[in-house]
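Q: Here's my sequence, what's the structure:
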Amino acid sequence: MTTRKVQNPNSKGGAGFIWAIVAVIAIAVLVIGIIVYNGKNDRKDAIAEGMIDTEGISATWNEGDDFIALTGEGAEGVPKADLFEDFSCSYCAELEVKTGEPMLEALKAGEIAVDLRPMVFLDGQQQAYTPGHSTASASAMLALFAHGETAPALNLRYYLFENQEDVYKKLEAADLAELAEGYGASEEALQDIRDEKYAEAAKEMSDANLKLQEERAGEGWTPRVMVGDEDIDGDLGQWVETLKNS
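A: Next up is the predicted model:
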């Protein structure tokens, strides 16, 4: 009768088996890495395909200002409005969906000018304030404007409003930076987003814009479109056409 010797797992044969397992794990890690890499590239491609065209629009923001000035090339003496908005405001998202494209087209055509006035008051006010979605989003957008990167900034704004239901309170600074990277933001701007460098500036801007509204009309809210000290006339969903014809 032939007897079969039990193989010691620590023998050379067992070592071969262990190396086989290691090889399988290494291949699995490589495959997962390729999938993750391709997934990131697919997301970037999808982001690029969904970008809005901002060519012809100039944006100016100097740190300490309470607004971002949006104009078309060569636009002078055109009617101008103040647009107050908060990234956590569902009505602001609805307004962007309805009027965002007409606003950009009117800006490109040099028919209007807009002072964009971000607010974060839905993160709370005074002692109740806690930095949240509004502050993180506004901070990321300001980081892009601070570096003169108009297209990434306006595309990030567009994305956050257009997809508000999906992203509300789900994006951290790193996620916002990844979005901005897909829009072509510079590494310097991306690092400022990750560091939340402009979070305090976003809060200060919001406080100033709330105070401005209160001085003009007694109270503040978003979304709001004002021309001078007055709210724009008529249906807010038609504010771009109203401004163009004023």
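
Q: show me where the protein has helices.
A: Under the criterion DSSP state H, the chain contains helices at 12-49, 90-108, 133-146, 150-162, 164-167, 173-182, 187-194, 199-217, 239-244.

Q: By average pLDDT, which secondary structure element in this structure comes out worst?
A: helix 12-49 (a mean of 62; mean pLDDT, DSSP states H and E).

Q: Give the bridge partners for the nearest residue to Thr60 once chain neighbours are set aside, please.
A: Excluding the flanking residues, the one nearest Thr60 by Cβ to Cβ, 6 or more residues apart in numbering is Ala69, at 4.4 Å. Any C-beta I mention is one placed from the backbone N, CA and C, and that applies to glycine too. For Ala69, the beta-bridge partners are Thr60, Asp115 (DSSP bridges).

Q: For Ala69, list the residues it contacts.
A: Contact partners of Ala69, counting by Cβ atoms under 8 Å, 6 or more residues apart in numbering, are 59-61, 113-116.

Q: Highest mean neighbour count out of the helices of the chain?
A: Most buried of the helices of the chain, by mean neighbour count (mean count of other Cβ atoms under 10 Å): helix 133-146, with a mean of 26.

Q: mean confidence for that one?
A: Across helix 133-146, the average pLDDT comes to 98.

Q: Check which helices and strands it sits against.
A: strand 113-119, helix 150-162, helix 173-182, helix 187-194, helix 199-217 (3 or more Cβ pairs under 8 Å, 6 or more residues apart in numbering; DSSP states H and E).

Q: residues making contact with that helix?
A: In contact with helix 133-146 (Cβ under 8 Å, 6+ apart) are residues 59, 61, 63, 68, 86-88, 118-123, 150, 152-153, 156-157, 160, 168-169, 171-173, 176-177, 180, 185, 189, 192-193, 196-199, 201-203, 205-206.

Q: redo that, cut-off 7 Å
A: For helix 133-146, contacts defined as Cβ atoms under 7 Å, 6 or more residues apart in numbering pick out 59, 61, 63, 68, 86-88, 118, 120, 122-123, 152-153, 156-157, 160, 168-169, 171, 173, 176, 180, 185, 189, 192-193, 196-199, 201-203.

Q: just checking, Phe161 touches Lys98?
A: No - in this structure Phe161 lies outside contact range of Lys98 using Cβ atoms under 7 Å: 10.7 Å.

Q: sorry, back to before: out of the helices of the chain, which is closest to Pro223?
A: Pro223 lies closest to helix 90-108 among the helices of the chain, at 4.3 Å (Cβ to Cβ).

Q: Run the chain-centre distance for that closest one.
A: Chain-centre distance of helix 90-108: 15 Å, with Cα atoms, centre = their mean, to the nearest Å.

Q: which residue is nearest the middle of the protein?
A: Closest residue to the average C-alpha location of the chain: Leu156 at 3.4 Å, with Cα atoms, centre = their mean.

Q: Show the contacting residues for it.
A: Here Leu156 is in contact with 140-141, 144, 179-180, 183 (criterion: Cβ under 7 Å, 6+ apart).

Q: before we move on, the earlier item: of the helices of the chain, which is nearest Asp82?
A: helix 199-217 (8.1 Å).

Q: isn't Cys92 right next to Phe84, touching?
A: No - contact criterion Cβ under 7 Å: Cys92 and Phe84 do not qualify, at 8.6 Å.

Q: any shared contact partners between the two?
A: 222-223.

Q: What about Asp231, how many residues nearby?
A: Neighbourhood size, Asp231 [other Cβ atoms under 10 Å]: 15.

Q: ok, now the one 3 residues further on?
A: Gly234 is surrounded by 10 other residues when neighbours are defined as other Cβ under 10 Å.
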